[in-house]
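K.L.:
show me how the following folds:
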Amino acid sequence: MGHLGKQTIVFQNKPVILETYSTVGPKEGQGPMGSVFDTVLEDELLGEKTWEKAEGMLIKQTVQGLLTKSGKRQEDIQYILCGDLENQINSTQDGIKDFNIPFFGLYGACSTMGESMSLGSIIIGGGYADYVIAGASSHYCTAEKQFRYPLEYGGQRPLTQQWTVTGSGFVLLGKTGTGPKIHSITTGKIVDFNTTDVFNMGAVMAPAAADTILTHLKDTNQKPEDYDAIITGDLGQCGTDILLDLTKQLGTDISAVHQDCGLLIFDNQAQDTHAGGSGCGCSASLFSGYFYQQLKDKKLKKILLVPTGALMSLCSTQQGDNITGIAHAVSIWCE
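P.N.:
Below you'll find the predicted structure:
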């Protein structure tokens, strides 16, 4: 491994993405990407009594699906790294506990997929494991209940608000094998643009996405067109507009290769999702269900995956604190 600039690691021993598995809820399954996911749930409660328990079961079923699909046993996996949006990532620990795999619980808000893949790659690239599972999850009902209003309240949703994805995506990283490889990672910094609106996460995350993308391009001496796609996690329409304007003002136009998972997963007009999808399950499920297959089929040969997150808590927003943003970039190549 070697450092480039202040924030980028290039792997000498490049981790291989051996397999992925994705699970989404009914609304996501009805969207334009519905056919790409491994499992589309019929019941968002998954037979559980609470939304939090339901998300734990969502995670458990996705990890089990990944193990089955890859032909691996839980004993083959040295580490699992993942998280969700809840306080103390409660659903994650509930979903992971029965696997008996050493566990790193992560919270990067909606950037958690980028965080888990980055840290998993460091573990594999450094020679500390043969197999690592990385992933993330979110659930519409748990997130709305915690960060905004209980669903029963029926509060009005402003047009800047996004729809938290009920979904989970996990990847199996290996030291050797066949598949797309993680070439490098660029770890994001916390960016504070003095934003306090909990109904406009795109505006919070866009400056962080711009900072990480531009840093990655500078550190690796690349241009946007060197990538087939630069894919942000869940900026939605408002955040995407800000990102493209901001990067252009700073001298780099990424519009020709930019895609956003939050704009792909729903039909905003037909499904009434306003500014698009959000949640750490947004980028996790779409990478695992769609972009990974595009890489395997060589329809995309080089992508920059940039999951984006708004770092806030129930306490911080009620106290009027600024909501800060972060984004982590993972450069994935087919060689």
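K.L.:
from the contact counts, what lies against the helix or strand bottoming out on mean pLDDT in the chain?
P.N.:
Sorting the helices and strands of the chain by mean pLDDT, DSSP states H and E puts helix 314-318 at the bottom, at a mean of 78. Here helix 314-318 touches helix 140-147, going by 3 or more CB pairs under 8 Å, 6 or more residues apart in numbering; DSSP states H and E. Where C-beta positions appear, they are placed from N, C-alpha and C, glycine not excepted.
K.L.:
who's in contact with the helix it packs on?
P.N.:
25, 27, 44, 51-52, 54-55, 84-87, 91, 150-151, 163-166, 198, 279, 312, 314, 317 (CB atoms under 8 Å, 6 or more residues apart in numbering).
K.L.:
helix or strand right after that helix?
P.N.:
Next helix or strand after helix 140-147 toward the C-terminus (DSSP states H and E): strand 163-164.
K.L.:
tell me the strands beside that following strand, with direction?
P.N.:
strand 277-278 (parallel) (DSSP bridges).
K.L.:
right, and the helix or strand after the partner strand?
P.N.:
Following strand 277-278 in sequence, per DSSP H and E, is helix 280-286.
K.L.:
in the helix or strand following that following helix, what's buried?
P.N.:
Once helix 280-286 ends, the next helix or strand along the chain (criterion: DSSP H and E) is helix 292-296. Neighbour-count burial for helix 292-296 flags Tyr292, Gln294, Leu295, Lys296 (criterion: 16 or more other CB atoms under 10 Å).
K.L.:
same question, stretch 175-183
P.N.:
Per 16+ other CB under 10 Å, stretch 175-183 contains these buried residues: Lys175, Gly177, Gly179, Pro180, Lys181, Ile182, His183.
K.L.:
report how many residues lie close to Gln319.
P.N.:
Gln319 has 8 neighbouring residues, counting by other CB atoms under 10 Å.
K.L.:
how close does it get to Thr196?
P.N.:
10 Å (CB to CB, to the nearest Å).
K.L.:
over to Phe99?
P.N.:
Distance, Phe99 to Thr196, by CB to CB: 39 Å.
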